[in-house]
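*Asks:* quick one, structure for this:
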Amino acid sequence: MSCSTEPTNTSPTPSRTETTYFPPISGTTWETKSIASLDWKQNAVQPLLDYLELKHSKGFVILVNGRIVMENYFNGHTATTNWYWASAGKTLTATLTGIAEQERYLNINNKVSDYIGTGWTSLPISKENLITNKHLLTMTSGIEDIDNGDAVDPASLTYKADAGTRWAYHNVYVKLQDVIAKASNQTWNTYFNTRLRDKIGMDGTWFQSGNNSVYASTTRSMARFGLLMANKGKWDNTVVLSETYFNATTNTSQNINLGYGYLWWLNGKSSYHLPQSQIQFSGSIIPSAPNDMFMALGKNDQKIYIIPSKNMVVIRMGDAADNVNLALSDFDDVLWQKISALYQ
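*Replies:* So this is what the prediction gives:
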């Protein structure tokens, strides 16, 4: 059974010049906007909710111009329940890397060993020193991605190819958290909380799951981060992330996987690679979704979808839609058929 929260506030009928709304940093107030005010199709709402519930969803939010249009919870989940982001949280690390660069703690083009020392891999030193922070951001470290699980200890980080010559999805990106901690002389948690979480009113915490550093928060906190990125790194009038870095992180970052930025997935490109595969697929990652959409995608279908042309953010938290653990599945395409039915 699905349920939605009561509107906190009601906004007027939107106009083309409507400004983006940002909820207060503290408290539960968040302006809402009705389906009718957008001229969306009310009869498309229930099929979407039915599908979300069928596919083991827990939290779902749509924002337009920062205001909540839909907010629904399923299967005992509530607005105050934390849930893990899985690999959707990679985008938090990408964002903090950009913040650390604008504060001049680091340069993404510098080698990783400049910050955490040599010997962080088992590569020959000449090969290890090819790996820059940017290679970690773009999944082009060249480190072997087969049969090592998610481990990032030096013994598990072995050579496959020179950095920059091969795209492969790998947990080694998490070393950026060590880079930031060393460069800023702060703990990762402290830097994250002061530079991002507290500035936009998120809740949530990091926890260790095996070799992974995983973030967990409420659905609304995930939506807050989505809103920040939909506004190109600004929270209201405060620059959290520079627009220059925002543009780099949400556009094609290398020439191997066109559908990948700095730990963000990019829709609407001419080709893409998927995790655990070296196959190049033609066309858009999610054909039924807008071409300008960029995405944070996590295991068991944790999703942040951001559509700049519609000033829209969509969040989905929950269990795996189809008992598939990969970040991307047919669920995304069908879900977007049902979301787009709201406004097409």
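*Asks:* end-to-end on stretch 263-277?
*Replies:* End-to-end distance of stretch 263-277: 16 Å, with C-alpha to C-alpha, to the nearest Å as the criterion.
*Asks:* typed the wrong thing, it's stretch 321-338
*Replies:* End-to-end distance of stretch 321-338: 15 Å, with C-alpha to C-alpha as the criterion.
*Asks:* likewise for stretch 63-81?
*Replies:* Between the opening and closing residues of stretch 63-81 lies a distance of 19 Å (C-alpha to C-alpha).
*Asks:* what is the mean pLDDT for that stretch?
*Replies:* Mean per-residue pLDDT for stretch 63-81: 97.
*Asks:* tell me how far that stretch lies from the chain's centre.
*Replies:* 17 Å (C-alpha atoms, centre = their mean, to the nearest Å).
*Asks:* what of stretch 82-101?
*Replies:* Distance, centroid of stretch 82-101 to centroid of chain: 7 Å (C-alpha atoms, centre = their mean).
*Asks:* which parts of the stretch 201-344 of the chain are helices?
*Replies:* Here the stretch 201-344 of the chain has its helices, by DSSP state H, counting those that start in this stretch, at 219-230, 243-249, 330-340.
*Asks:* single out the most deeply packed of those.
*Replies:* Mean neighbour count, computed with mean count of other C-beta atoms under 10 Å, is highest for helix 219-230 among the helices of the stretch 201-344 of the chain, reaching a mean of 25. Bear in mind the C-beta positions are built from the backbone N, C-alpha and C, glycine included.
*Asks:* packing partners for that helix?
*Replies:* Other helices and strands packing on helix 219-230, by 3 or more C-beta pairs under 8 Å, 6 or more residues apart in numbering; DSSP states H and E, are strand 57-64, strand 67-73, helix 90-102, helix 198-200, strand 234-235, strand 302-307, strand 312-318.
*Asks:* that one versus helix 90-102: what angle between them?
*Replies:* Going by axes from the mean of the first three to the mean of the last three C-alpha atoms, to 10 degrees, helix 219-230 is angled at 50 degrees with respect to helix 90-102.
*Asks:* what's the angle from helix 219-230 to strand 302-307?
*Replies:* Here helix 219-230 runs at an angle of 40 degrees relative to strand 302-307 (the same axes, to 10 degrees).
*Asks:* after the worst-scoring helix or strand of the chain on mean pLDDT, next one along is what?
*Replies:* In the chain, the helix or strand scored least confidently by mean pLDDT, DSSP states H and E is strand 3-4, which has a mean of 48. Counting by DSSP states H and E, the element after strand 3-4 in chain order, helix or strand, is helix 45-54.
*Asks:* in that following helix, what's buried?
*Replies:* Val45, Leu48, Leu49, Tyr51, Leu52, Glu53 (16 or more other C-beta atoms under 10 Å).
*Asks:* swap in stretch 199-216?
*Replies:* Using 16+ other C-beta under 10 Å as the test for burial, stretch 199-216 gives Lys199, Ile200, Gly201, Met202, Gly204, Trp206, Asn212, Ser213, Val214, Tyr215, Ala216.
*Asks:* pLDDT of it, averaged?
*Replies:* Here the average pLDDT along stretch 199-216 is 92.
*Asks:* just the ones of the buried residues of stretch 199-216 in strands?
*Replies:* Counted as lying in strands by DSSP state E, out of the buried residues of stretch 199-216, are Trp206, Asn212, Ser213, Val214, Tyr215, Ala216.
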